[in-house]
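Chemist: sequence-free structure coming up:
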Ligand SMILES: NC(=O)c1ccc[n+]([C@@H]2O[C@H](COP(=O)([O-])OP(=O)(O)OC[C@H]3O[C@@H](n4cnc5c(N)ncnc54)[C@H](OP(=O)(O)O)[C@@H]3O)[C@@H](O)[C@H]2O)c1
């Protein structure tokens, strides 16, 4: 925190998992705010202070994903979403993978 470092969501939309996008809490909040479940999920990330880079090849989704700054989830809604925590993971770190990340030495000086 003293350096302004934030956590990045690794798969902020769970690879577009239908089960996630159809979670009743996201569907209900999407209806309430006139948004899509994906937008509610991305808004939740932003309010958590998490950095998000959602992947999409669909222009309509890309536009939707940037259009999440005209509504706010309430504290109660954030708490309701938090209850889902732990039901599903979209990335499992292995010792090997973590060692690989630690060993990465990108050649930043070679970049223009
Ligand atoms: N740094 C790394 O080495 C590394 C490696 C892997 C992954 N990542 C992170 O992974 C993320 C991208 O990975 P990902 O693409 O698998 O995961 P994701 O962002 O969780 O999900 C992308 C999926 O969600 C769908 N989607 C996107 N916007 C949507 C919307 N508004 N409504 C409905 N569906 C939507 C996309 O389909 P459409 O194309 O049809 O929209 C796509 O299938 C990035 O955050 C990236 O930083 C990073």
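Modeler: Structure received. This is a predicted model, so every value here is computed, not measured.
Chemist: quick one: average pLDDT of the longest helix seen in the chain?
Modeler: In the chain, assigned by DSSP state H, the helix with the most residues is helix 37-48. In this model, helix 37-48 has a mean pLDDT of 97.
Chemist: which helices and strands sit right next to that helix?
Modeler: With contacts taken as 3 or more Cβ pairs under 8 Å, 6 or more residues apart in numbering; DSSP states H and E, helix 37-48 sits against helix 18-21, helix 24-33, helix 59-66, helix 75-82. Yep, even glycine has a C-beta here, placed from its N, CA and C like the rest.
Chemist: what does the longest one contact?
Modeler: This points to helix 24-33. Outside helix 24-33, the residues that touch it by Cβ atoms under 8 Å, 6 or more residues apart in numbering are 20, 35-37, 39-41, 71, 73, 77, 80-81, 84.
Chemist: The protein against the ligand: which residues are in contact?
Modeler: Residues of the chain found near the ligand (Cβ under 6 Å from any ligand atom) are 10-16, 21, 36, 38, 53-58, 61, 64-65.
Chemist: One more pass at 5 Å, please.
Modeler: 11-13, 15-16, 38, 53-58, 61, 64 (Cβ under 5 Å from any ligand atom).
Chemist: Nearest to residue 100 among these?
Modeler: Minimum distance to residue 100 across the residues of the chain next to the ligand is 17.9 Å, recorded for residue 11 (Cβ to Cβ).
Chemist: Phi and psi next, for that closest one.
Modeler: With angles defined as degrees, to the nearest 10, residue 11 sits at phi -130, psi 80.
Chemist: which SSE is the residue nearest to it when sequence neighbours are not counted in?
Modeler: Nearest residue to residue 11, sequence neighbours excluded (Cβ to Cβ, 6 or more residues apart in numbering): residue 90, at 4.3 Å. Counting by DSSP states H and E, no helix or strand carries residue 90.
Chemist: Perfect, that will be all.
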